[in-house]
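Participant: Model the following, please.
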Amino acid sequence: MKKPFMLSLLSVFVLSIILSGCGWIKTEKEFSNWLDGYTDKEGQAHEGFQSKVDKADQALSDRVSELDGKVDAQNEALSGDIQQAKEAAVAAAEQGDADTISAAQDFAKGLDTAVREELTATAKGVADKLMNAVADGDKEVLGKVSSLNEKSQAQAEALDRLESAIADTKEGVTANQESIASKPQTIAVVNFGSGGASLNAEAKATLDAVVEAAQSAPADASILVVGHADGTPVLGGRYRSNWGLSQARADAVSKYLKDNGVPHSIESVGKGHTSPVAPVNTKAGRAANRRVEVILQPAG
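Facilitator: The predicted structure follows:
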């Protein structure tokens, strides 16, 4: 409300300047008197307008309070109606259930006698069928038992034959094992480089396994070490021929076995290039032929 009032004062001030310029207001005293009168009039008008606004606000607030009270009363009445409707519905449902149960009981009483008679007849028929089925089942069971007995007898006979065959097989295996044990067996093969008789790391690892296995060999068994060459002509050096080279290889293996604790008798033999195991015209074949065989020989 202050903003319109200030605008009015500003308008008056502007108007006074205009009037002064036009000669309507001659002195400052006249202007001051005129301005005071105008200001009082505008102030009274503003106070009257503000009073009207306050009264309108109060009337509106009273009306809102009145409407709120009416709404609360209506809500309370509606809640009571809803509760009454719920109680009425429950009572109706309970009465309906009671009537239904009573009618069902009356109907059941009327059917009780007939149902009992029907159940008795049905039970008797089922019992008769069961007795007949049992009698027929006994015959079938007896037949199956007889068949099973025959099968069991046949299976027992087959089992006897199988056990006999297994026993024969075991005897044959034992005989074969004894036959094998009575023959010399090659238990290790080590290879050498061309023209040399030195044992490399791989050869020593193989011979270490021979040393360990020899501990469980029969005490009267012996070991034969046979050296071989690849047939390449020996052109000078420590060895004069493939015979000498193969013997040197066999001697190197024999010495390693003895030095590492093999307790059996050891014999070393060089066979030159007379017993190749691979073609002599290939590099791989010649490498395979440069070898020493360790053979376990049974006593006798």
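Participant: what is R291 paired to in the beta sheet?
Facilitator: Beta-bridge pairing for R291 (DSSP bridges): N191.
Participant: just use 714 as the starting number from now, easier for me
Facilitator: In the new count, where the first residue is 714, that last one comes out as R1004.
Participant: Please list all residues in contact with it.
Facilitator: By CB atoms under 8 Å, 6 or more residues apart in numbering, the residues touching R1004 are 902-905, 940-941, 962, 990. Placement of C-beta: from N, CA and C, glycine included.
Participant: One more: A961?
Facilitator: Residues in contact with A961 (CB under 8 Å, 6+ apart) are 910, 940, 951-952, 983.
Participant: for the contacts of R1004, which one is nearest E925?
Facilitator: Distance to E925 across the contacts of R1004 (CB to CB) is lowest for V903, with 15.3 Å.
Participant: Skipping adjacent residues, who's closest to the closest one in space?
Facilitator: A916 (3.9 Å; CB to CB, 6 or more residues apart in numbering).
Participant: for D933, same thing?
Facilitator: A1012 (3.7 Å).
Participant: before we move on, back to that, quick check: which element contains the residue nearest to V903?
Facilitator: helix 914-927 (DSSP states H and E).
Participant: ok, back up a step: so what's the residue nearest to D933 up against?
Facilitator: A1012 neighbours (CB under 8 Å, 6+ apart): 931, 933-935.
Participant: give me that answer again for 10 Å
Facilitator: Applying CB atoms under 10 Å, 6 or more residues apart in numbering, we find A1012 in contact with 895, 931-935.
Participant: again, but for K917
Facilitator: K917 touches 903, 969, 973, counting by CB under 10 Å, 6+ apart.
Participant: One more pass at 8 Å, please.
Facilitator: Per CB under 8 Å, 6+ apart, neighbours of K917: Y969.
Participant: again, but for G998
Facilitator: 989, 991-992.
Participant: What of G908?
Facilitator: 945, 947, 950, 952, 958.
Participant: Please tell me how far the closest residue to P992 other than its chain neighbours sits from V938.
Facilitator: Using CB to CB, 6+ apart and skipping the chain neighbours, the partner closest in space to P992 is G998 (3.9 Å). Using CB to CB, to the nearest Å, we find G998 at a distance of 22 Å from V938.
Participant: Mind checking the pLDDT average for the helix holding A916?
Facilitator: On average, the pLDDT along helix 914-927 is 96.
Participant: Check stretch 754-762 too.
Facilitator: pLDDT averaged over stretch 754-762 gives 71.
Participant: ok, back up a step: which one of the contacts of A961 sits in the busiest neighbourhood?
Facilitator: G940 (28 neighbours; other CB atoms under 10 Å).
Participant: Surely that residue is in contact with W956?
Facilitator: No. Taking contacts as CB atoms under 8 Å, G940 lies outside contact range of W956: 9.3 Å.
Participant: any residues in contact with both of those two?
Facilitator: 983-984.
Participant: could I have the helix holding A916 exported to PDB, CA atoms only?
Facilitator: Output of helix 914-927 as PDB, limited to C-alpha atoms (Å, rounded to 0.1, in the frame of the first residue of the first chain):
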ATOM      1  CA  ALA A 914      74.100 -86.800 -18.300                       C
ATOM      2  CA  GLU A 915      71.200 -88.700 -19.900                       C
ATOM      3  CA  ALA A 916      73.200 -92.000 -20.000                       C
ATOM      4  CA  LYS A 917      74.200 -91.600 -16.300                       C
ATOM      5  CA  ALA A 918      70.600 -91.000 -15.300                       C
ATOM      6  CA  THR A 919      69.600 -94.300 -17.100                       C
ATOM      7  CA  LEU A 920      72.400 -96.200 -15.400                       C
ATOM      8  CA  ASP A 921      71.400 -94.800 -12.000                       C
ATOM      9  CA  ALA A 922      68.000 -96.500 -12.500                       C
ATOM     10  CA  VAL A 923      69.900 -99.800 -13.300                       C
ATOM     11  CA  VAL A 924      71.900 -99.500 -10.100                       C
ATOM     12  CA  GLU A 925      68.600 -99.100  -8.100                       C
ATOM     13  CA  ALA A 926      66.900-102.000  -9.800                       C
ATOM     14  CA  ALA A 927      69.900-104.300  -9.400                       C
END
